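Engineer: Sequence first, predicted model second:
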Amino acid sequence: MKQNLPGKLIIVSAPSGAGKTTLCDAMVRHFDNLVYSISYTTRAPRHDEKEGEDYFFISEHEFKKHIKNNNWAEWAKVHDHYYGTHASFISENLSVGRDILLDIDVQGAKQIIQRYPDSTTIFIMPPSLDVLRIRLESRGTDSKEVIDKRLENAKQEIDKKGLYQHIIVNDDLENAINELITIIHEKNI
Ligand code: 5GP
């Protein structure tokens, strides 16, 4: 069965607040063979985030050591913090035929596509920038400065959505989930 086949990569990018985490959680629940790639970051955990579940939180010193040792499958600086995907996690899972869902930004997506050209790429759009601002504000976790920065970054990311094979507008969660399932199914996952 599946187990002997090399796994596949699904890259999902979206501006912060576009609903990506909810969508990714739904995919991992839906597809038995799909694992979520937990990223490493140098940013501080938010009050509801858990080490090893949402992220591995590491120091900038550690992060840079991994850059030096070539341990990242991809890495990027996003909103002033470093984020990276561990290369061995990717290669180990793919080699045993597991599919991997990567929730990474546009810079990281470009690096993964270069390394793994067969990756499926999906961009999640918020319904509008106004909705995005409301979602970021209602999260209550970030200061106005941080939110402004994230919105500025969102505009830049949305400008690059042409890089992706699929674009989903998350104006209705149920619809967005179904669209994602269909895309991932098409890859025989
Ligand atoms: P947040 O701080 O809101 O969790 O994530 C900020 C941004 O960093 C999001 O766009 C998210 O997709 C991106 N991100 C999270 N993990 C990684 C990663 O491992 N690599 C890259 N390149 N981006 C990441």
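Structural biologist: Yep, that arrived.
Engineer: OK, now which residue of the chain is nearest to the ligand?
Structural biologist: Taking CB to the nearest ligand atom, the ligand has its nearest neighbour within the chain at G108, 2.4 Å off. The C-beta positions use only the backbone N, C-alpha and C, and glycine is treated the same way.
Engineer: residue contacts, that residue?
Structural biologist: 13, 74-76, 83-85, 102 (CB atoms under 8 Å, 6 or more residues apart in numbering).
Engineer: Quick one: name whatever helix or strand follows the longest helix belonging to the chain.
Structural biologist: Criterion DSSP state H: the longest helix present in the chain is helix 144-159. Using DSSP states H and E, the next helix or strand after helix 144-159 towards the C-terminus is strand 166-169.
Engineer: Show me what counts as buried in that next one.
Structural biologist: Buried residues in strand 166-169, counted by 16 or more other CB atoms under 10 Å: 166, 168.
Engineer: and L5, what pLDDT?
Structural biologist: For L5, the model assigns a pLDDT of 46.
Engineer: and what of the one 4 residues further on?
Structural biologist: Looking at L9, its pLDDT reads 97.
Engineer: three-state assignment of the residue of the chain closest to the ligand?
Structural biologist: Using DSSP: H, G, I helix; E, B strand; the rest coil, the secondary structure recorded for G108 is helix.
Engineer: all strands of the protein, in order?
Structural biologist: Assigned by DSSP state E, the chain shows strands spanning 9-13, 34-36, 40-41, 56-57, 72-78, 81-86, 99-103, 120-125, 166-169.
Engineer: Rebuild those as JSON lines, extending it with distance to the ligand.
Structural biologist: Conversion of the strands of the chain to JSON lines gives the following (distance: least, CB to the nearest ligand atom, whole Å):
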{"stretch": "strand 9-13", "distance to the ligand": "6"}
{"stretch": "strand 34-36", "distance to the ligand": "11"}
{"stretch": "strand 40-41", "distance to the ligand": "6"}
{"stretch": "strand 56-57", "distance to the ligand": "10"}
{"stretch": "strand 72-78", "distance to the ligand": "4"}
{"stretch": "strand 81-86", "distance to the ligand": "3"}
{"stretch": "strand 99-103", "distance to the ligand": "5"}
{"stretch": "strand 120-125", "distance to the ligand": "10"}
{"stretch": "strand 166-169", "distance to the ligand": "15"}
